[in-house]
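Asks: Below: sequence and its predicted model.
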Amino acid sequence: MLSVSLPVTDQDAALAFYTQVLGCELRFDAVVPPGVRMIEVVPPGSEVGLLLLPPDSPIPVALRLGTDDADAAYARLAAVDGVVHHNDEVLRWDGVPPMFHFSDPEGNSLVYLEDAAAG
């Protein structure tokens, strides 16, 4: 697992809490396509990031899993009964890795994110 997202109503307050109170390290803080501020912090002793996203964000609140080939993962999951793709294809935006959003047969929200370290 690369990260899990959390909905937060005040990103600045959440960032302060996670870094100053819980001791998380800031890994990423920028506006990404489609125009959403994405903040990622990492708890002490962990490699798994926490994404602090607005609750109404078009970026899904989901577990983010790494894959070395987003296209192959998309095709593999297309053949699995009960998996719901939320994107018509693998998303490719400037400055971010290829990714797609899907739900498992239980309805849990997941994202596959192409990650060179996953291979």
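Replies: Arrived safely, thanks for sending. Numbers count the residues shown, from 1 in each chain.
Asks: for this structure, which helix is longest?
Replies: Identified as the longest helix of the chain according to DSSP state H is helix 70-78.
Asks: element containing the residue most central in space within the chain?
Replies: Here the mean C-alpha position of the chain is nearest to the C-alpha of residue 64 (C-alpha atoms, centre = their mean), at a distance of 4.3 Å. Assessed by DSSP states H and E, residue 64 sits inside strand 63-67.
Asks: Okay, now the sheet partners of that strand, with direction.
Replies: strand 3-7 (antiparallel), strand 109-114 (parallel) (DSSP bridges).
Asks: Switch these over to JSON lines; also include mean pLDDT, distance to residue 87 and mean neighbour count.
Replies: Every C-beta, even on glycine, is put in place using the N, C-alpha and C of the backbone. As requested, the strands paired with strand 63-67 are exported to JSON lines (pLDDT from 0 to 100; distance: least, C-beta to C-beta, whole Å; neighbours: other C-beta atoms under 10 Å):
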{"stretch": "strand 3-7", "mean pLDDT": "93", "distance to residue 87": "16", "mean neighbour count": "17"}
{"stretch": "strand 109-114", "mean pLDDT": "93", "distance to residue 87": "10", "mean neighbour count": "21"}
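Asks: Great, nothing more from me.
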